[in-house]
Each structure stands twice: as structure tokens, then as C-alpha cells.
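Student: Whatever this is, show me its structure:
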Amino acid sequence: MKAFYGRDDELADFRQLVDSKRASLATCQGRRRIGKSTFIRRCGETMDHTYAFSGLPPRPEIGKRDQLRHFGEALAREFGAPELPLDSWPKAFHFLATLLPPKGSVLLLLDEISWMSIGDPDFAGHLKDAWDLRFAQRGRLVLVLCGSVSSWIEKNILNSTGFVGRVSWKFDLGPLPLQHCNAFWNEHEKRRVRRTPARDKLCVLAVTGGVPRYLEEMDPRQSAEQNIERLCFHRGGLLFNEFDQIFHDIFTRKAETYRAIVRTLVGGPRTVSQIGKALGRISGGSLSEALNDLDGAGFISEDRSFNPDTAKDLARTLRYRLSDNYLRFYLKYVEPKKAVIEKGLYQRVPLESLEAWDTIMGLQFENLVHNSRAELMSILGLGNVIVKNIGPYFQNQTQRRQACQIDLLIRTASSLYVVENKLRKNIDRKVIDEVREKVKRLKISRELPVRTALVYQGKLDPEISRADFFDHLVNFEQLLDFKK
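Tutor: Sure, this is the predicted structure:
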């Protein structure tokens, strides 16, 4: 098996399912290319038997008969059994149950399950019956339902009355935290005298995020610019062709609508009404459903502001953030040049010269920090502290208060942490004035202590340290090199 990094907590959770000795049903969700199948197969390394089945990718001509034929072929391949004609899912699941070995632990993976269900509106019901009558009776079996279309799993499994009390665990895989992303460079660095500059790593991560499949394509012998040019600005590059593929595979007929929604978030977070206005659509209904689907697919995230004093979420503060670094980079810098790139006429330019590069990199940097919040809290000394709420904070202007936006606000039982993210070549002491003004604008109790932290990448003006304003100065490399 190829190199595997991270997911330690999830692996430990899976081991508990196996140790229970009974049959367990689990779901695994996450963005396309996030490594769901690889993770489940990794879990299977500790089990006696592993069997995996996947649905066929959706196409207009693909239907129930095609999915059943594909499943039958996989059964014959996995078990060395004769290939039998399957005309229904009850028959297919029954045949699968009879082929399972009578002894030993078994991992059974049904991958891209929403694809598998194409053409059969009763698929989930057939699966539920098969679980109750067949699979649940077999001890030391873990059945994992996996898919990139999280909305299907939510609707048909997790929120279905038919599966109430049957799902033992829900695995929701997000991007890798920074220290696990850093592992993709570690082996190369061990063989070299000099480390890859943190700036190079940041540029690559600004494009790929913590998506394992994209990081696998990164060549540590090349500079950030060389990697990005090869992957994004060449007509054969994985990340040049990826955008249309993932939206088609996940959202099929709705793909163009969902692409349009994502485009509205390239410049920063927006409310539902702002998104609707940008699209010329009325908020609510189908727009809210589409936003939920994009959130479940791992492309956008919901951010809610909270009351710093009480730590309770504030009503009507929901905003959606484009949390996927690849999508933002593609939409901002690749898609507008697509025709030129396809003709092989694109001329490489320095990344810093790209339009609004500093602004976009700042948004990408924030996403990377958000995905490493647990590690950041440990660095801030909050690893064993109860955190009542955490997230971006935005305060609208009224007659009584000024607007205020904070990159990350952390509320513990006894303190409030104001975290500023700063990505610049040179960071001067103006950042102190910026954060001081933000703290001043916060409407909080005088008895609530406020701590400040600066998470940064770039050259820090020595005056910042001498001023002793920030309680914590966290260099980007600390997150890359973090160890528990």
C-alpha cells in the first residue's frame, strides 16, 4: 500500500469497532479525493478479511441493471465465485452474505454507495433489510457505507427512520492538518541537507489544501512554482482537469448550478441572501439545499458568529466560506486562462504577480489554519482546556457599535482568545494597532480576560516582539512541525 499519513484518531475509533466483537455499521463521508477508500482499506489491514465494492460513476445511460451487473462481477472477482445474474439488490446482498467466510474479522466496504443506488429508489430499504437479516447476525463484521455524495448518506442512512439505532459510527474525513501535510516533504528532506522553505510548502498547500490525492502528485524536488505550473497550468495536469470532473461525478445534472454558487464565494464569505443576490435567485428552498450539499461534499463551510460573553451562537449570522483551497485557486487563476492553457500557449508568470495574489493567499492561509485548529489550540496551551466555542467572528455595524471581524475567536471557560492570521512578506508593527482596535470594538464584559495571538508567515518586525502585545506568536512552521 502507498504511504499513509495522519487519521490517527479515526484509526483508533475504527479499532474500537473491531474490538467490540459484534457486527457494526459505519458511514464514511468526505470530499472527493480526500482519501476515504484509502483510509478504510488502511483500517482493514488489522482485519482477517477485507472486501470492497464500488458503484459505477453516473452517466446518462447507466441504470440499475448496469450497477447490478458490475456488483456481480465484483463478487466473482473478490471471492473467486461463479458470476451469477443478479436482477435485484435483495438477491445481490443475500448472495454476498452467503460468500462471507464463517470465521475471522471481516471488513465490508460499499464504496460510492449513492452511485450504486442509481435506478432503484428502494435501494436503501433493501440494504436495511440485508443488514437486519444477514450482516448484523455475523459477529466481528464491520460494514462501511462510503461516498462523496454526503447528502445521499445523510438522507437515506443517517436521517432515515429505517436506520435509527443501527449506525455505530460516523467517519467524516476532512483535509489533513498541516503537520500531516508536511509528511509529504519529510522523506525527501531526510535525504537532503537543506529543508524545503516554508514559503514553498505554503504555496503548494494554498493550491492543494490538505487533500491527500493532490499532495501525492506534488514533486518535492521541484519548487512550488514548478509544481503548480505542472499540475494546474498544463492541459495534462491533474488539477487542470479536476474541477469539471468532481462536480460532474458528485452533482451530475446540478453541476453547473453548484459551480455558480461556489464562484460567488471566491472573494470571501457571504450570507445566503448575498449569494442569492449574486446569482439572481431567491434565498431559501433549492438554494439552501444546494448550500447544504456543497457543505456536505466538503467544498464550503458554515461559519456562525457567537456571543463572546455567553459563547452561544448568534441568530442570523450564518455565512458560507469557500473552505476548499483548490476550488478557489482554480476559479481565480486557472479557469479564466483555460482556453489559452488548452492550446499550450500559457506562459508561466511568478505567482506573486497574479491578480490579487496577496488577498487570495490570505484566504487560503486562513483555511489552512482553520483545518489545524486542534494543533493551534495545543500550541496556545488549550489542549486540555474546555473550549466553549470557536470560529471566525464578524460583528455588523449598528448605531451603537462598529463593525469588527476576527479571523478566529476562541472562548474558554475563563478567557477569550483573539487570533489574527497574517501572511505577508514583511509584517510590521501595524498589526498590533489592527488587533488592538478589533479588541476595542468587541462588546464584552470587562471581567472577561482577553488573550491575543498572531499566527503568521513572513518576516516579523522585531518591534512586534519587543512591544509584548501578543500573548502568543505562532509561526506557520510551528504548525507544520507540530508533534503531540
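Student: hey, which helix is longest across the chain?
Tutor: helix 64-79 (DSSP state H).
Student: Pull out the buried positions in that helix.
Tutor: Neighbour-count burial for helix 64-79, counted by 16 or more other C-beta atoms under 10 Å, picks out Lys64, Gln67, Leu68, His70, Phe71, Gly72, Ala74, Leu75, Glu78. For every residue, glycine as well, the C-beta is placed using N, CA and C.
Student: Look up the pLDDT of the most centrally placed residue in the chain for me, please.
Tutor: By C-alpha atoms, centre = their mean, the chain has its centre lying nearest to Gly174, at 3.4 Å. Gly174 carries a pLDDT score of 93 in this model.
Student: Run through the residues that contact Val204.
Tutor: Leu215, Met218, Ala224, Asn227, Ile228 (C-beta atoms under 8 Å, 6 or more residues apart in numbering).
Student: ok, and the closest non-adjacent residue to the residue lying farthest from the centre of the chain?
Tutor: Within the chain, Pro82 marks the point farthest from the mean C-alpha position, 39.9 Å out by C-alpha atoms, centre = their mean. Excluding its sequence neighbours, the residue lying closest to Pro82 (C-beta to C-beta, 6 or more residues apart in numbering) is Ala76, at 6.6 Å.
Student: Tell me the spacing between that neighbour and Gly458.
Tutor: 58 Å (C-beta to C-beta, to the nearest Å).
Student: same thing with Leu127?
Tutor: 52 Å.
Student: what sits up against stretch 94-105?
Tutor: So stretch 94-105 is contacted by 18, 47-49, 51, 75, 79, 81, 84, 86, 106, 108, 130, 134-135, 138, 140-142 (C-beta under 8 Å, 6+ apart).
Student: re the thing from before, settle it for me: which of Leu127 and Gly458 has more neighbours?
Tutor: Leu127 (25 against 16; other C-beta atoms under 10 Å).
Student: Measure how the one helix or strand that one maps to sits relative to helix 64-79, angle-wise.
Tutor: Take DSSP states H and E as the rule and Leu127 turns out to sit in helix 123-133. Put simply, helix 123-133 runs at 40 degrees to helix 64-79, going by axes from the mean of the first three to the mean of the last three C-alpha atoms, to 10 degrees.
Student: quick check: mean pLDDT across helix 123-133?
Tutor: 97.
Student: and the lowest-mean-pLDDT helix or strand in the chain, what does it pack onto?
Tutor: Lowest on mean pLDDT, DSSP states H and E among the helices and strands of the chain sits helix 178-190, with a mean of 88. Where contact means 3 or more C-beta pairs under 8 Å, 6 or more residues apart in numbering; DSSP states H and E, helix 178-190 is packed against helix 198-208, helix 212-216, helix 476-480.
Student: Ok, which of those helices comes nearest Val164?
Tutor: helix 212-216 (33.0 Å; C-beta to C-beta).
Student: Let me know the angle separating the helix or strand just after the closest one from helix 198-208.
Tutor: Sequence-wise, the next helix or strand downstream of helix 212-216 (DSSP H and E) is helix 224-232. Going by the same axes, to 10 degrees, helix 224-232 is angled at 20 degrees with respect to helix 198-208.
Student: what's in contact with whatever helix or strand comes next after helix 224-232?
Tutor: Heading C-terminal from helix 224-232, the first helix or strand you meet, by DSSP H and E, is helix 238-251. With contacts defined as C-beta under 8 Å, 6+ apart, helix 238-251 is touched by 32-33, 57-58, 148-149, 207-208, 214, 217, 231-235, 255, 257-259, 293, 297, 326-327, 330-331, 334-335, 338, 341.
Student: Out of the contacts of Val204, the closest to Asn159 would be?
Tutor: The closest of these, once distances to Asn159 are taken by C-beta to C-beta, is Leu215, at 32.7 Å.
Student: The helix or strand hosting Val418 packs against which elements?
Tutor: Using DSSP H and E, Val418 falls within strand 416-427. Applying 3+ C-beta pairs under 8 Å, 6+ apart, one finds that strand 416-427 contacts helix 357-370, strand 404-412, helix 430-441, strand 450-460.
Student: Give me the local confidence score for the residue nearest to Thr412 when sequence neighbours are not counted.
Tutor: The shortest distance from Thr412 to any non-neighbouring residue, by C-beta to C-beta, 6+ apart, is to Val385 (5.2 Å). pLDDT for Val385: 94.
Student: A helix includes Val385, no?
Tutor: No: counting by DSSP: H, G, I helix; E, B strand; the rest coil, Val385 falls outside a helix, being coil.
Student: how close does it sit to Ala453?
Tutor: Relative to Ala453, Val385 is positioned 14 Å away (C-beta to C-beta).
Student: Likewise for Leu294?
Tutor: As judged by C-beta to C-beta, Leu294 and Ala453 stand 30 Å apart.
Student: Pick out whichever of those two has more residues nearby.
Tutor: The neighbour count for Leu294 versus Ala453, taken as other C-beta under 10 Å, is higher for Leu294 (26 against 22).
Student: contacting residues around that one?
Tutor: Per C-beta under 8 Å, 6+ apart, neighbours of Leu294: Tyr258, Ile261, Val262, Ile300.
Student: May I ask which helix or strand encompasses the third one?
Tutor: The reference is to Val262. Using DSSP H and E, the element containing Val262 is helix 255-263.
Student: Centre of the chain to that helix, how far?
Tutor: 18 Å (C-alpha atoms, centre = their mean, to the nearest Å).
Student: how big is the angle separating it from helix 238-251?
Tutor: Going by the same axes, to 10 degrees, helix 255-263 makes 120 degrees with helix 238-251.
Student: No further queries at this time; thank you.
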